[in-house]
Every structure is written in C-alpha cells, then in structure tokens.
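> Output the structure for:
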Amino acid sequence: MNFLIGNNGQGKTNILEAVYYLALLRSFRTSVIDDLCQWPQNSFVLHGLLESAPNPPETLAVSYGSERRLLINDAPVYRASDFINRFLCVTFIPQDMDLVCGPPAQRRRFLDIAISQLDAGYLRHLQAYYEALKSRNAMLKAPDKFPPATIRAYDQVLVKHAVAIELARRNFAVSMNAILVEKSRQLFGEQQLVILKYLSRLGFFLESCEGDEEELTKAYSHGLQHGFERDLKSGTTNCGPHRAELNCLLDQKLLHKFGSQGEMRMASLAMRFALLELIRCRQNPDDVVILVDDVIGELDEQRRVNFINELSKSGQILFACTRIPREFTASAQVLKIRGGKIED
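Prediction:
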C-alpha cells in the first residue's frame, strides 16, 4: 500500500494517470491526448521500471510530441498491442460513476479495456473490426464513388471480428455477474443484488440469437444484409459491437433511471471489485496495480472497512487522498505530493 498524500490540486491524480497510461496507453480522464501535456507544453515523456520476481526487471518508456514513441528495455515497439498490459491496472476513481450513469461509449470502453486485460487476442479483433468499420463508413458516406458490392466486401471482415468480440463480451458479463453476487452483499447488504445486462445492439437477428459462433456468424451476416439500405441512407453502419450497451441493474431496476447517487456510486465500486476478482482468478494477483483516487468519502464506516480489506488482497496499490483513512491500520509507504512533485 502506497499513500499519495497532498492537498487538492497538488498533482496526486497526475501520478495515477501516468501509471495508467504506461499500462494501457490511454488516460482514465480524457481521450484528448493533448490534454495530457503539462500546460503550455505540447509533449510529454513517461518512464517506468517494472520489478516482479522471478521475472527480470523491465523498463517502459512513452514519449509523445510530433509522434508517439514506445520503448521496452530501450528497444522500439511499433504496435500498441505489443506494449500494453506489461502490467495490469484496475482503477477506483470518481469517473467510475459513468459505468452506471454515463453514456454507452463509456461502458463499451470499460468492456473493451477489461477484456483486453484478460485476453490478448481480444484487442487484435477489436482493432481489426474498427479498421474495417472506418473504411466501410467512409464508403457509405460517398455512395456515388463506391458501388454497393465494394462496400459490402467489408461485411465478411466485420462479421469475423464482431462475432469474436460479441462472444467475449457475453462471456465476460456472465463471469462478472457470478462475482457480483458477493460484491453486492458487501456493499449493499443481503437483500440487494447488482447485475450487468449486456445488450448487443447488433440488430434483431443477433439480439435474439443465443447460439454458438456459427449461429452468430449467420445472424450477423443476415443483419448487415438486411440493414444495408438503411446504412446507405444514414451514411454509417448501424449494426455492430460499436452500438452495444451494458446496463447496470439493482434488484432488476435500471440504476441510471431509478437509483440514488449513493447506490450508483456503490454499484460502480462493485463492478470494479468484480473485475479485480476476475483478474485475480486468471492472473497473478501480484501483477495487478490498483489506483485509488478519492472514492470512499461517500461510504459509511463498515463499507469503508470492506473496501480497504478488498484492496489489501492484491499487489501494489497507489491510494491518492488528502489524509490516510482512519480505517486503515496496516503498514504503508507514505509519499507526500506538493506542486506536482514527490517530496522526500
């Protein structure tokens, strides 16, 4: 356990964000990479040293300016998929409320990051799918230049990767719900249950299909064929994983419609704890770095104790706060943050 202690605005979250970026090459705060540069600069550099016995130490470096450069042990890396997940990272941050009440894109992002940490092949399917989707959409916007047969040529590629994404997401939701039974009990009590409901939004043909890979392939192919005229009119592909939704329910009711702020906060914590448990079951728990940023203020005393006990089961923890929670009693390293720097 490592506490990053400092007043508001001193740079505690920046340190967490830097660690997260080294793990996943993205921020948990923004999708605009220029926002990560210290004002008024237009570049940044990150360095990290990984030590996890019995593996040899490993250095990671990211530089961003006119272009992005990635290095592992000082050797250039050209594909993001070869760089990320050298260590696993789970966050508990205020923005996690978006997992319950934010836009669908935030929940798809949660799905994709979580599954990528559990399955290296998933990211490759995701990248290939979005490359094909981008090309198909560009042609749909210019139908006078591209005949239907040329546009439809991308359907086979979309289907191949979309079905793999769909199966992985469905399996992930099932695994998460099995764990959420216990996490709900810890955060809500015996009588309330948080569950996730994954909605494909792949059109009627896939939404109603509960079958295997072969059946999903046929259903999705049919869905793209059936919706082609609609796609031409709208200039975009309306059927696919990029339209999916992940709803969070408390006692079978949609939380973002019927839940209180406190219930949505606890549900988001339950989702993160379920993900953490899922990663622990499939990976070495010591390889997981947990980032915590100001999320326990709204919890009562017992839930704060439960929260800290859950955290303590994993590897390295970076806990940003203005003071150490009184419920925490074990030994820990304390780092004082002031003016964006770690003080001795």
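> Run through the protein and note the low-pLDDT ranges.
By pLDDT under 70, the weakly predicted segments of the chain are 201-211, 344.
> for the residue sitting furthest away from the middle of it, helix, strand, or coil?
Largest separation from the mean C-alpha position in the chain: D144, at 38.5 Å (C-alpha atoms, centre = their mean). Classification of D144 using DSSP: H, G, I helix; E, B strand; the rest coil returns coil.
> Next, count neighbours for R243.
15 (other C-beta atoms under 10 Å). For the C-beta atoms, the positions are set from N, CA and C on the backbone; glycine is no exception.
> hmm, I was thinking of R124
R124, neighbours per other C-beta under 10 Å, totals 15.
> quick one, strands of the protein?
2-5, 44-50, 58-64, 68-72, 75-77, 88-92, 194-199, 245-250, 253-254, 288-293, 317-321, 333-338, 341-343 (DSSP state E).
> what's the most buried one of those?
Per residue and on average, the most neighbours among the strands of the chain fall to strand 88-92, with a mean of 24 (mean count of other C-beta atoms under 10 Å).
> Mind listing the strands that strand pairs with, and their directions?
strand 288-293 (parallel) (DSSP bridges).
> on that earlier part again, how much space between the residue farthest from the centre of the chain and F228?
16 Å (C-beta to C-beta, to the nearest Å).
> now swap in T236 and tell me
For T236, the distance to F228 - C-beta to C-beta - is 12 Å.
> who's in contact with D34?
N42 (C-beta atoms under 8 Å, 6 or more residues apart in numbering).
> same thing but at 10 Å, please
Going by C-beta atoms under 10 Å, 6 or more residues apart in numbering, D34 touches 41-44, 64.
> Bridging across strands, which residues link to L60?
Under DSSP bridges, the beta-bridge partners of L60 are G48, I72.
> what sits against it?
22-23, 46-50, 70-73, 77, 83-84, 86-87.
> one step back: which of T236 and F228 has more neighbours?
F228 (18 against 14).
> Quick check: the gap between the more buried one and T59.
For F228, the distance to T59 - C-beta to C-beta - is 49 Å.
> returning to what we had before: switch the strands of the chain over to a markdown table; also include distance to S31.
Formatted as a markdown table, the strands of the chain follow (distance: least, C-beta to C-beta, whole Å):
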| stretch | distance to S31 |
| --- | --- |
| strand 2-5 | 24 |
| strand 44-50 | 16 |
| strand 58-64 | 14 |
| strand 68-72 | 15 |
| strand 75-77 | 22 |
| strand 88-92 | 15 |
| strand 194-199 | 23 |
| strand 245-250 | 18 |
| strand 253-254 | 26 |
| strand 288-293 | 18 |
| strand 317-321 | 22 |
| strand 333-338 | 25 |
| strand 341-343 | 27 |
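> how about the ones you listed, which one is nearest E263?
Comparison of the strands of the chain against E263 by C-beta to C-beta identifies strand 245-250 as nearest, at 6.0 Å.
> Tell me how far that closest one lies from the chain's centre.
The chain centroid and the centroid of strand 245-250 are separated by 15 Å under C-alpha atoms, centre = their mean, to the nearest Å.
> With stretch 107-116 instead?
4 Å.
> and the closest residue to P57 other than its chain neighbours, how many neighbours?
Of all residues not flanking P57 in the chain, E51 sits nearest, at 5.1 Å (C-beta to C-beta, 6 or more residues apart in numbering). As a burial measure, E51 scores 9 neighbours (other C-beta under 10 Å).
> before we move on, back to that, ok, of the contacts of L60, which one's closest to G339?
Looking across the contacts of L60 and measuring by C-beta to C-beta, the closest to G339 is L46, at 19.0 Å.
> State the distance from that closest one to I195.
37 Å.
> now S63
For S63, the distance to I195 - C-beta to C-beta - is 43 Å.
> ok, now I72?
39 Å.
> Over to K12?
With C-beta to C-beta as the criterion, K12 and I195 are 33 Å apart.
> and what of L25?
31 Å.
> that older thread, which one of the contacts of L60 is nearest to L140?
Among the contacts of L60, and counting by C-beta to C-beta, the member closest to L140 is I84, at 30.7 Å.
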